[in-house]
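Q: Predicted model and sequence below, questions to follow.
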Amino acid sequence: MDVLEQLVKDMGVKLDKIAEVILGDPTDSDNPGVMIRLDRLERSNQTKTRVMWILATGILAAMGNAVLSIV
């Protein structure tokens, strides 16, 4: 039984480490978890997507304006 208890304790330590990696350390702002990092990446991607749409719209408007000025 002693071996089984040691295995359970080891699994508990490993699960605590996994939870810390996923959630991060709330007391340390320099150690964000995977969830926070993923959220930051998603927000950054949304911003980049918006900028690309604005640029594409501007380019299409300029091209349409150029075509209309020629005609």
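A: Sure thing, it's come through.
Q: check contacts around the most centrally placed residue in the chain.
A: For the chain, the residue nearest the mean C-alpha position is L38 (2.3 Å; CA atoms, centre = their mean). Counting by CB atoms under 8 Å, 6 or more residues apart in numbering, L38 touches no other residue. Just so you know, the C-beta spots here come from the backbone N, C-alpha and C atoms, and that holds for glycine as well.
Q: Run the chain-centre distance for the top helix by length along the chain.
A: Ranked by residue count and defined by DSSP state H, the top helix of the chain is helix 34-70. The chain centre lies 19 Å from the centre of helix 34-70; the measure is CA atoms, centre = their mean, to the nearest Å.
Q: same thing with stretch 22-32?
A: Centroid separation for stretch 22-32 versus its chain: 15 Å, with CA atoms, centre = their mean.
Q: For it, what is the spacing between the initial and final residues?
A: Terminal residues of stretch 22-32 are spaced 9 Å apart (CA to CA, to the nearest Å).
Q: ok, back up a step: mean confidence for the longest helix of the chain?
A: Averaged across helix 34-70, pLDDT comes to 94.
Q: Same check on stretch 18-31?
A: On average, stretch 18-31 scores 81.
Q: Could you tell me the end-to-end distance of that stretch?
A: For stretch 18-31, the end-to-end distance is 14 Å (CA to CA).
Q: Could you shift the numbering so residue one becomes 48, and keep it that way?
A: OK, 48 is where the count begins now, so the last one is stretch 65-78.
Q: for that stretch, the distance to its chain's centre please.
A: 15 Å.
Q: If anything else comes up later, I'll come back, but that's it for now.
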